[in-house]
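Engineer: give me coordinates for this.
(one chain, ligands or ions: 1)
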Amino acid sequence: MKNVDDLIESAAELATRGLSKGEIADELNVSRETASWLVERSGATTEPSDRQQEAPASPGGPQDIHVDWSAIGRDSKRMGSIADAMADMLVKHGEDVDLTIGIEKAGGPIATLVARELETDLGTYTPAKHQWEEGDIEELGGTFSRNFAGIRDRECYVVDDTITSGTTMRETIEAIRAEGGDPLACVVLADKQGLEEIEGVPVYSLLQVISVGKEE
Ligand SMILES: O=P(O)(O)OC[C@H]1O[C@H](OP(=O)(O)OP(=O)(O)O)[C@H](O)[C@@H]1O
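Structural biologist: Numbering: from 1, shown residues only. Below is the predicted model of the structure:
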């Protein structure tokens, strides 16, 4: 994915396949507003029910950026170096934690390498959105894979690639607590919200995305 034209083309293709703007936002890793803008620019349309729920895209374009980290993700050596840097931020946080949780899908491989560097156990969480097919997503829960470490009564770190709205990280923190775990910090490659904490859990990010010249 190289530029906005590629994003528009991808959004059009996904809309043609019948995906809603929310699903397109998830697929392209952009906000719903950006997904809406991309679809409108492409001239494609989404389902009528979807359009009714959408606020119109702002005429000046979206207040969002797409983070393409595939140059890192396609190379395990680069991923290892980036994961070492993320692990270092958690080391500086200074807690004695022996469990790292990755958020599927993109956070899983990163968390694996962070856990290796920190010499912790590894767990994974799959957010509810990945199980969603139709109906109310609020009625679904995410899942912790039994192929990896258990969480009950354990302190942990949480790893993902990006924070866009913060919804996924918030859901994961709540799910870990509901499972009896205690998330002490989270780390991502890029935080588009510039958050200091989510649900009382400190957020560390290698990159902070800051909008400048944004009209209020
Ligand atoms: O802060 P949010 O608005 O919740 O968005 C961030 C989430 O979106 C992306 O996941 P995506 O749904 O694209 O799945 P993936 O991990 O499989 O790429 C990303 O990996 C985060 O998990």
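Engineer: and residue 43, what does it touch?
Structural biologist: With contacts taken as C-beta atoms under 8 Å, 6 or more residues apart in numbering, residue 43 has the following neighbours: residue 12. From N, CA and C alone the C-beta is placed, and that goes for glycine too.
Engineer: kindly state the pLDDT recorded for it?
Structural biologist: Residue 43 carries a pLDDT value of 84.
Engineer: likewise for the one 10 residues further on?
Structural biologist: What the model reports as pLDDT for residue 53 is 52.
Engineer: one more: residue 139?
Structural biologist: In this prediction, residue 139 carries a pLDDT score of 62.
Engineer: try residue 84
Structural biologist: At residue 84 the predicted local confidence, pLDDT, stands at 98.
Engineer: helix/strand/coil for it?
Structural biologist: Following DSSP: H, G, I helix; E, B strand; the rest coil, residue 84 is assigned to helix.
Engineer: quick check: closest non-adjacent residue to it.
Structural biologist: Here the nearest residue to residue 84 in space, its sequence neighbours aside, is residue 117; by C-beta to C-beta, 6 or more residues apart in numbering that works out to 5.2 Å.
Engineer: and the pLDDT for that neighbour?
Structural biologist: Confidence per residue is given as pLDDT, and for residue 117 that number is 98.
Engineer: that one and residue 178: what is the separation?
Structural biologist: Summarising the geometry, the distance separating residue 117 from residue 178, computed by C-beta to C-beta, to the nearest Å, is 28 Å.
Engineer: go on, residue 161?
Structural biologist: For residue 161, the distance to residue 178 under the criterion C-beta to C-beta works out to 23 Å.
Engineer: now residue 196
Structural biologist: Residue 196 sits 23 Å away from residue 178 when distances are taken as C-beta to C-beta.
Engineer: one step back: name the residue in residue 161 and residue 178 with the higher neighbour count.
Structural biologist: Neighbours were counted for residue 161 and for residue 178 using other C-beta atoms under 10 Å; residue 161 has more, 22 against 11.
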